[in-house]
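>>> coords please:
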Amino acid sequence: MKILYIDPVFGMSGDMMISALIDAGVPFDALEGLVGKISPAAPSMKPVRLTEGVVSGIHLEIGESDRYYTISEMEEVISGIDIGKKVKDDALGMLSRIVAAESKIHGMSRDEIHLHELSHIDTIIDLLCVAYGVGYLGVDRVFCGPVPCGSGTITTSHGSIPNPPPVTLEILRGHELAFYGEDLELTTPTGAAIVAHYTKPGIGAPAFKAVREGYGVGTYKSSRPDVLRIFVGETDEPAYDHEVEVVEADIDDMEMEYMGAVADRLRAAGALDVLFFPVSMKKGRVGIRLSVTTGMDTFEKIVDMIFTETTTFGMRFHRHMRRVLRREEETIETSFGPVRIKKGFDLSGRLIKTHIEFDDVRSIADARSIPYREVLELVRKEIETRIKTVSGSRFQVSG
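Numbering: from 1, shown residues only. Have a look, this model is predicted:
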């Protein structure tokens with residue numbers, strides 16, 4: 001498995017990440033051509049090799065521009081770029097994290113938000129170039145070390161605000177942070193969005209063999225080197241293990257008809273699994289044990305929701321490791337119409353499971369007044385035939 005490990009020695013920003021990607025082998029000419037497609041008013045870029053102590057790396061000089069965009073315009077520009085779908089999807093994914101955080105912090109809808117500094121063309125450049133660079137390296141997974149944050153206050157278009165800015169903290173919610181006594185914005189919202197989009201909280205990088213490194217070098221003068229380092233590595237260890245919390249609560253004084261609705265809300269809030277089942281409690285009373293598996297990034301939210309939505313006065317936590325298959329979703333055209341299937345791949349990249357989306361089967365069956373099982377069997381046969389034709393081997397599709 002090929003991985004990218006981000007070592008944010010002195011923080012994270014879009015231009016520092018681009019610089020490190022260039023130093024790791026991403027061709028600058030391709031990035032320059034990509035930026036040229038954004039707008040005729042796009043600023044110039046020039047990679048300059050700088051030395052920070054004993055470290056030699058790339059510092060990206062970006063020219064001046066007074067071009068700003070609304071959120072909708074930024075989405076239109078990214079969507080309209082003549083580049084691969086994965087690059088555009090990743091760039092839009094990072095932008096959506098910035099917008100969602102700004103919306104939550106300011107208590108506004110996305111249509112009311114003005115991104116101020118983040119509406120500059122530099123943000124589009126950062127998102128697209130990082131997405132292209134990560135894709136160019138062909139990595140299967142991305143990991144990141146603790147993200148450095150400064151202290152004190154910084155001056156922005158909103159005036160003097162705490163450092164790190166609230167929007168940066170919101171984007172990085174659930175991720176491991178490291179606070180330094182520097183009155184500098186060590187990690188920008190764009191840098192935070194890169195981490196949040198490509199990595200998952202609570203998942204450490206497996207041991208790997210470094211194939212190449214890249215250094216992005218900044219110009220801040222501090223006791224710490226102003227460097228962002230990345231490693232491209234190879235590993236045989238599973239990279240799909242991550243820590244989860246299993247939250248349990250035993251309840252015997254709550255109307256049980258509400259448990260199903262509570263479970264639905266917990267799943268909607270990001271819980272990975274929600275189970276509830278009967279247990280024998282004190283004095284022979286029959287109660288319900290609620291068991292919720294949640295990622296570290298949604299743990300506090302799930303705990304608060306359990307306290308709010310149920311009658312429990314306490315709960316237990318158990319930390320476990322969870323392993324899942326790498327998954328992809330594909331829409332297949334059948335004689336009944338489009339049907340989504342979920343694919344599961346093992347560590348070698350081999351397709352080992354395929355599951356038909358029940359909601360699509362239900363929609364087809366309801367529209368044609370056909371039994372669900374009959375539609376499922378017919379759709380399954382079509383999909384199995386399709387996979388057998390493509391792969392040349394028999395494959396079992398589950399419903």
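>>> contacting residues for residue 170?
101, 104, 105 (Cβ atoms under 8 Å, 6 or more residues apart in numbering). For the C-beta atoms, the positions are set from N, CA and C on the backbone; glycine is no exception.
>>> and the second one, what element?
Taking DSSP states H and E as the definition, one finds residue 104 inside helix 85-106.
>>> buried ones in that helix?
87-88, 90-92, 94-95, 97-103, 105 (16 or more other Cβ atoms under 10 Å).
>>> Over to stretch 283-292?
Within stretch 283-292, the residues that count as buried by 16+ other Cβ under 10 Å are 287, 288, 290, 291, 292.
>>> which SS state does the fourth one fall under?
Secondary structure for residue 291, judged by DSSP: H, G, I helix; E, B strand; the rest coil, is strand.
>>> Excluding chain neighbours, what is closest to it?
With sequence-adjacent residues excluded and distances taken as Cβ to Cβ, 6 or more residues apart in numbering, residue 291 is closest to residue 275, at 4.6 Å.
>>> number of nearby residues for the one you found?
12 (other Cβ atoms under 10 Å).
>>> Quick check: it vs residue 260, distance?
12 Å (Cβ to Cβ, to the nearest Å).
>>> Give me the phi and psi angles of residue 378.
phi -70, psi -40 (degrees, to the nearest 10).
>>> now the helices: where do they sit in the chain?
Applying DSSP state H to the chain gives helices spanning 14-23, 28-36, 71-80, 85-106, 121-137, 166-171, 189-198, 259-268, 299-309, 358-368, 372-391.
>>> pretty sure residue 253 contacts residue 311?
Yes: shown here, residue 253 and residue 311 form a contact pair, counting by Cβ atoms under 8 Å, at 5.2 Å.
>>> tell me the pLDDT at residue 199?
The pLDDT attached to residue 199 in the predicted structure is 92.
>>> Can you tell me the number of residues neighbouring it?
So residue 199, with other Cβ under 10 Å, has 20 neighbours.
>>> Okay, now the unreliable bits of the chain?
Low-confidence segments of the chain, defined by pLDDT under 70: 109-117, 157-158, 237-241, 347-348, 387-399.
>>> Relative to its centre, which residue of it is most distant?
Going by Cα atoms, centre = their mean, the residue of the chain most distant from its centre is residue 283, 47.0 Å out.
>>> distance of that one from residue 252?
The value you get for residue 283 to residue 252, if Cβ to Cβ is used, is 10 Å.
>>> Quick one: residues contacting residue 375.
336, 361, 364, 365, 368.
>>> Can you tell me which of those residues are classed as buried?
Using 16+ other Cβ under 10 Å, the buried ones in the contacts of residue 375 are 336, 361, 364, 365.
>>> Can you name the residues that contact the residue nearest to the spatial centre of the chain?
Geometric centre of the chain, nearest residue: residue 197, 3.1 Å, by Cα atoms, centre = their mean. Contact analysis of residue 197 by Cβ under 8 Å, 6+ apart lists 90, 93, 94, 97.
>>> same thing but at 10 Å, please
90-98, 127, 130-131, 134, 142, 171 (Cβ atoms under 10 Å, 6 or more residues apart in numbering).
>>> Give me the neighbour count for residue 200.
Neighbour tally, residue 200, other Cβ under 10 Å: 18.
>>> Roughly how far does it sit from residue 16?
Taking Cβ to Cβ, one finds residue 200 at 22 Å from residue 16.
>>> now do residue 259
Residue 259 is 48 Å from residue 16, by Cβ to Cβ.
>>> Settle it for me: which of those two has more neighbours?
Between residue 259 and residue 16, counted using other Cβ under 10 Å, the more crowded position is residue 16 (32 against 17).
>>> Isn't that one up against residue 217?
Yes: using Cβ atoms under 10 Å, residue 16 is in contact with residue 217, at 8.1 Å.
>>> okay, and the common contacts of the two?
10, 57, 58, 59, 60, 226, 227, 228, 229.
>>> Quick one: those as TSV, columns for neighbour count and distance to residue 346 too.
TSV is the format used below for the shared contacts of residue 16 and residue 217 (neighbours: other Cβ atoms under 10 Å; distance: Cβ to Cβ, whole Å):
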residue	neighbour count	distance to residue 346
10	25	38
57	27	37
58	21	37
59	22	41
60	25	38
226	23	41
227	22	36
228	29	33
229	23	31
